[in-house]
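Undergrad: Here you go, sequence then predicted model.
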Amino acid sequence: MIKDPKNYRILVIEDNPGDLLIVEDLLMEQILAPTLIHANNFKQAAEHLQAPGAFFDVVLMDLTLPDKSGKQLIAEILNLAPHFPIIILTGYTDMEFSTKSIKRNISDYLLKDELNATTLYKSILYTIERNKYIEEIKKSEKRYSDLFRLSPQPMWVLEQGSCRFVQVNKAAIEQYGYCEKEFLNMTLFSISLKEDSGRITELFSSVEPGKEHLQAVRFRHHKKNGDHLEVEMYSTPITIGDNNCILVVAIDITDKILYEDRLIKAILKTQDEERYEIGSELHDNVCQILAASQISLDKLKDALPEQKMNWFNYCREYLALALNEIRNLSHRMAPAFLDDTTMEKAFRELLRMFNIDGRFRTQLHIDEMVKKHPISIEAQLNLYRILQEQLRNILKHGKASSIAVNIRIHNDHLIMSISDNGVGFRPENNEKGIGLSNMQRRAEFFSGKMHILSSPGQGCTINIEIPLQKLLTA
């Protein structure tokens, strides 16, 4: 089954861990990589909905929470999230209440006992599309006058083509520090980073007059005082008199990005701690049980007749094989450098374990300059996980015979290259799977980038480029 690749941002308000797990499983059946934010009570939901730059494609809400429920809960959530589509997930089959809820701008009302992946997914799609149409209907001349001037978010009207500021609202003046006269003598390029000029030109050159649509793109802007801020720009074409213009809303998402970074850090840390715990348990517990089984088996040797010795030897061999496999698995899950071994030794051991059958020619080179820098354990672990993920990809898809890993420093950036001579692929034609997405997420967590260089028959090279200062021990 082909999953929906769109990155939906979904707030799930649910206090029952079992129901939450079911909802998450149903979403993952239909959507490739949804961004799920969880609140287990009204207070947490309010914090998410009131966060600066908060945005959700849809809100899934249980009707009974520890601190609020029923009509009061619906009223307060609608007050906090008037523009987010809301779907109620409940176990109560009260048709009259569900009808009243729909009339109060709740998008859908689903019973948990009747819920399945297809029903939930279709409801989400319908809700999102319905919400888009509602927002389009709300557009009017009032929006381009009073709401423009009074909007708490920075808004501009740009001249199409030149991106010159035609109108600016009070919020833009207050947030960016330029007066109205200064703005009207500037263009959008004036407050954007130089490296974003190409993206801005591409974004606004594709706008067709008369075709209503919204585009949301992230950029970095600078204020008059030199401070930078991350913004999410929403744009749509409008006509003022006989002139084709573009209405732009710039939402400050600096806090949102910091929150996302903290969330990603927590997720990655939890994953790594869980892997380490499982690896340690395999090594310290399961291996000991198997070793004890070997000792017990040896005590039976003298009591067995000669014709049964083949079975005895088979059992010993299989136990030894199981011990070896579990040791290798536990070492991959709990990398050695967490126990004060160097990153180089941990990487060499990882390559050895993935090449246990000797099918690959492996090469690891870590530049001496890298060894002189105090790279934090957290950074080492993330580089280790990136290498581990790509080795899995090579093992599963690459059909390679050679793997080379090179880690060096260039222009104050640490660069890790992972190359193979396998079948290769066309990166532009391949959607990133979970493995590649995890690698990219780990790189981006340290403000880094991941580049994929590959073509059919020419192998693949993954380049991870991270600012060195982000990797060093504080």
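TA: Nice, I can see it.

Undergrad: low-scoring pLDDT stretches of the stretch 1-150 of the chain, where are they?
TA: 1, 93-95, 97-104, 137-147 (pLDDT under 70).

Undergrad: can you give me the helices in it?
TA: Taking DSSP state H, counting those that start in this stretch to define them, one finds helices in the stretch 1-150 of the chain at 17-30, 42-50, 70-80, 95-103, 117-137, 146-150.

Undergrad: Report all helices and strands that the longest strand seen in the chain contacts.
TA: In the chain, assigned by DSSP state E, the strand with the most residues is strand 228-240. On a contact count with 3 or more CB pairs under 8 Å, 6 or more residues apart in numbering; DSSP states H and E, strand 228-240 meets strand 215-222, strand 243-252, helix 254-281. C-beta: built from backbone N, CA, C; applies to glycine.

Undergrad: show me the contacts for I407.
TA: 365-367, 370, 383, 414-417 (CB atoms under 8 Å, 6 or more residues apart in numbering).

Undergrad: which of these has the most neighbours?
TA: L414 (26 neighbours; other CB atoms under 10 Å).

Undergrad: So that residue is in contact with D367, correct?
TA: No: if you go by CB atoms under 8 Å, L414 and D367 don't touch, sitting 9.4 Å apart.

Undergrad: who touches both of those two?
TA: Contacts common to L414 and D367, judged by CB under 8 Å, 6+ apart, are 407-408.

Undergrad: Can you report how many residues neighbour I356?
TA: I356, neighbours per other CB under 10 Å, totals 10.

Undergrad: which SS state does it fall under?
TA: coil (DSSP: H, G, I helix; E, B strand; the rest coil).

Undergrad: send the alpha carbons of stretch 400-408 over as PDB?
TA: Extracted in PDB, the C-alpha atoms of stretch 400-408 (Å, rounded to 0.1, in the frame of the first residue of the first chain):
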ATOM      1  CA  ALA A 400      27.900  -3.300  -3.200                       C
ATOM      2  CA  SER A 401      31.300  -4.900  -2.700                       C
ATOM      3  CA  SER A 402      33.200  -1.900  -1.300                       C
ATOM      4  CA  ILE A 403      32.400   0.600   1.400                       C
ATOM      5  CA  ALA A 404      34.500   3.700   2.300                       C
ATOM      6  CA  VAL A 405      34.000   6.100   5.200                       C
ATOM      7  CA  ASN A 406      35.900   9.300   5.300                       C
ATOM      8  CA  ILE A 407      35.700  11.900   8.100                       C
ATOM      9  CA  ARG A 408      37.500  15.200   7.700                       C
END
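
Undergrad: So which bits of that stretch are buried?
TA: 400, 403-407 (16 or more other CB atoms under 10 Å).

Undergrad: from the chain's centre, how far out does it sit?
TA: 27 Å (CA atoms, centre = their mean, to the nearest Å).

Undergrad: Also stretch 236-251?
TA: That offset, for stretch 236-251, works out to 32 Å (CA atoms, centre = their mean).

Undergrad: cool, and stretch 408-427?
TA: 22 Å.

Undergrad: mind checking the end-to-end distance for it?
TA: 24 Å (CA to CA, to the nearest Å).

Undergrad: next one: stretch 416-425
TA: 20 Å.

Undergrad: list the buried ones in that stretch?
TA: For stretch 416-425, using 16+ other CB under 10 Å, the buried residues are 416-422, 424-425.

Undergrad: average pLDDT for it?
TA: Mean pLDDT, computed over stretch 416-425, is 93.

Undergrad: which other residues reach it?
TA: Contacts of stretch 416-425 (CB under 8 Å, 6+ apart): 383, 386-387, 390-391, 394, 397-407, 454-464.

Undergrad: One more: stretch 162-170?
TA: Taking CB under 8 Å, 6+ apart as the rule, stretch 162-170 contacts 148-151, 154-159, 180, 183-184, 186-189, 200, 204, 240, 243, 245-246.

Undergrad: Which of these are buried, as a PyMOL select command?
TA: Paste this into PyMOL to select the buried members of those, with burial taken from 16+ other CB under 10 Å:
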select buried, resi 148+154+155+156+157+158+159+183+186+188+200+204+245+246
